[in-house]
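# my questions concern the predicted model and sequence given below.
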Amino acid sequence: MRALSPITRRILVVNLLALGILVSGLLYLGEYRRSLVSGELDALKTQAEMFAGALGEGAVIAEGVSGERLVHELVRQMVRRLVISTGARARLFNSAGALVADSRILAGASGMVQIIELAPPRPKTGVISAILDFYDNMARRLAGKELILPYREKPFQIAQDYKEAMAALSGETVGVVRSSASGMMLSVAVPVRRYKQVLGALMLSKDSRHIDKTVLQVRMDILKVFAVALAVTIGLSLYLARTIARPLRRLAKAAEKARHGHHRQHTIPNLDDRDDEIGELAKTLSEMTESLWLRMDAIESFAADVAHEIKNPLSSWPSSRKTCTAWTG
């Protein structure tokens, strides 16, 4: 198989490099991911405020002079029912920072049962997944951004374990993003109020499974478009290189044969149908070759005439000598 010409290689490298840089920028999707995370936090905040309002109205009991407090038994039931259709996890801390309700803890006749969600299996995308993970790590390092803190959950949780929960007990609404085994953990904590009294902090948390799936789907769509663009780019590059490199090779071979040949059978290919620089080059080489042959013909004719003129006096010199000798005698 004939190796690619240098021009073909250069055209391929330039076109593929430009396409690779474009696709690398599109695959980053950093701003798109941040917008998804921000949207998810806003949705969690809205849900948490609605749930906190419901708890503040329906799960509170008056305690005389000390004010009001949350009813733990009722709170546990409400928290579980409120988030059952959202896919989020709800934890409620009282004003003292103790955990009084967790949507993943069920109370039954045999005691407390905790529900632990396992990390979803990673999709078997093989090499593509490994490449995307490597790309994410490199992009994160090059960006120089701070790595988010890991999510850790203690066996016995209190509000002090989560800064957003402590902020909610102070009357603020705070959202936090942490890293986890499955990607990211998004948390939002809002205060549970009865009028102006903060009775506790409701914290909703959700993993980034949906966000990662959305980003992966967008990336796969980009890669599909990239595959089509890559095939088109390679095809057009080879076609472009062929229209340039192939006629140049023909012209170079014809010029080489004409240089080493001693007759006119080696002519420059006729590329008059090309209305471009290569056509002009072929026409110029053809005219130059014809001009050289005309000069060679003139030189050969001149050399033949000179040889003939030199030969005639030499051939007539003996007869002239005899005539001169006879006349003298």
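Here it is on my side, so go on.

# once you drop chain neighbours, what's closest to residue 153?
Of all residues not flanking residue 153 in the chain, residue 161 sits nearest, at 8.0 Å (CB to CB, 6 or more residues apart in numbering). All C-beta atoms are positioned from the backbone trio N, CA, C, and that covers glycine.

# close enough to count as contact, that neighbour and residue 151?
No - Residue 161 lies out of contact with residue 151 (CB atoms under 8 Å); the separation is 10.7 Å.

# can you pick out the residue with more neighbours from these two?
residue 151 (19 against 15; other CB atoms under 10 Å).

# please name the residues that touch the more buried one.
178, 179, 180, 185 (CB atoms under 8 Å, 6 or more residues apart in numbering).

# could you report the distance from it to residue 201?
18 Å (CB to CB, to the nearest Å).

# do the same with residue 186
Taking CB to CB, one finds residue 186 at 16 Å from residue 201.

# higher neighbour count, these two?
residue 201 (30 against 24).

# quick check, pLDDT for the closest residue to the more buried one other than its chain neighbours.
Spatial nearest neighbour of residue 201, chain neighbours left out: residue 168 (3.5 Å); criterion: CB to CB, 6+ apart. Per-residue confidence (pLDDT) for residue 168: 93.

# ok, now the one 5 residues further on?
As summarised for this prediction, residue 173 has a pLDDT of 92.

# tell me the SS of the nearest residue to it once chain neighbours are set aside?
Excluding the flanking residues, the one nearest residue 173 by CB to CB, 6+ apart is residue 190, at 4.8 Å. Of the three states, residue 190 takes strand under DSSP: H, G, I helix; E, B strand; the rest coil.

# quick check: residue 190 touching residue 47?
No - between residue 190 and residue 47 there is no contact under CB under 8 Å: 9.4 Å.

# more neighbours, the two?
For residue 190 and residue 47, the more surrounded residue by other CB under 10 Å is residue 190, and the numbers stand at 28 against 20.

# what ranges do the strands span in the stretch 1-150 of the chain?
60-62, 68-70, 89-94, 99-102, 105-108, 111-114 (DSSP state E, counting those that start in this stretch).

# which residues sit against the fourth one?
I take that to be strand 99-102. 70, 72, 75-76, 79-80, 89-94, 114, 156-159, 200.

# partners of that strand in the sheet?
strand 89-94 (antiparallel) (DSSP bridges).

# CA atoms only for the partner strand - export them in PDB, please.
Taking C-alpha atoms only, strand 89-94 is exported to PDB below (Å, rounded to 0.1, in the frame of the first residue of the first chain):
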ATOM      1  CA  ARG A  89     -33.700  12.100  51.400                       C
ATOM      2  CA  ALA A  90     -35.100  14.300  54.200                       C
ATOM      3  CA  ARG A  91     -33.500  14.700  57.600                       C
ATOM      4  CA  LEU A  92     -35.000  16.800  60.400                       C
ATOM      5  CA  PHE A  93     -32.900  18.200  63.300                       C
ATOM      6  CA  ASN A  94     -34.600  19.800  66.300                       C
END
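
# run the chain-centre distance for it.
The chain centroid and the centroid of strand 89-94 are separated by 40 Å under CA atoms, centre = their mean, to the nearest Å.

# cool, and stretch 252-259?
47 Å.

# and it, average pLDDT?
Per-residue scores along stretch 252-259 average to 74.

# okay, helices next: where are they in this structure?
6-28, 30-58, 72-83, 127-143, 163-169, 209-260, 277-328 (DSSP state H).

# pLDDT weak spots in this structure?
Applying pLDDT under 70 to the chain picks out residues 1-3, 62-67, 106-127, 129, 134-147, 260-267, 269, 272, 312-329.

# the domain parsing of it - what is it?
As assigned by automatic domain parsing, the chain contains the domains 6-221, 267-329.

# and those domains as a markdown table, adding distance to residue 229?
Output for those, formatted as a markdown table (distance: least, CB to CB, whole Å):
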| stretch | distance to residue 229 |
| --- | --- |
| domain 6-221 | 6 |
| domain 267-329 | 26 |
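
# highest mean neighbour count out of those?
Sort those by mean neighbour count, taking mean count of other CB atoms under 10 Å, and domain 6-221 sits at the top with a mean of 15.

# end to end, how far does that domain reach?
34 Å (CA to CA, to the nearest Å).

# equivalent analysis for stretch 80-97, please.
20 Å.

# touching that stretch from outside, list them.
44, 47, 51, 54-55, 69-70, 75, 79, 99-104, 106, 157-160, 165-166, 169, 192, 198-206.

# one step back: need the max-distance pair from the contacts of residue 151.
Pairwise distances among the contacts of residue 151 were taken by CB to CB; the largest, 7.4 Å, belongs to 179 and 185.

# quick revisit: export the contacts of residue 151 to TSV and tack on distance to residue 270?
Output for the contacts of residue 151, formatted as TSV (distance: CB to CB, whole Å):
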residue	distance to residue 270
178	73
179	69
180	71
185	73
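
# and which of these is nearest residue 228?
The nearest one, if we look at these relative to residue 228 and count by CB to CB, is residue 179, at 34.7 Å.

# got the contact list for the closest one?
Residue 179 neighbours (CB under 8 Å, 6+ apart): 147, 148, 149, 150, 151, 185.
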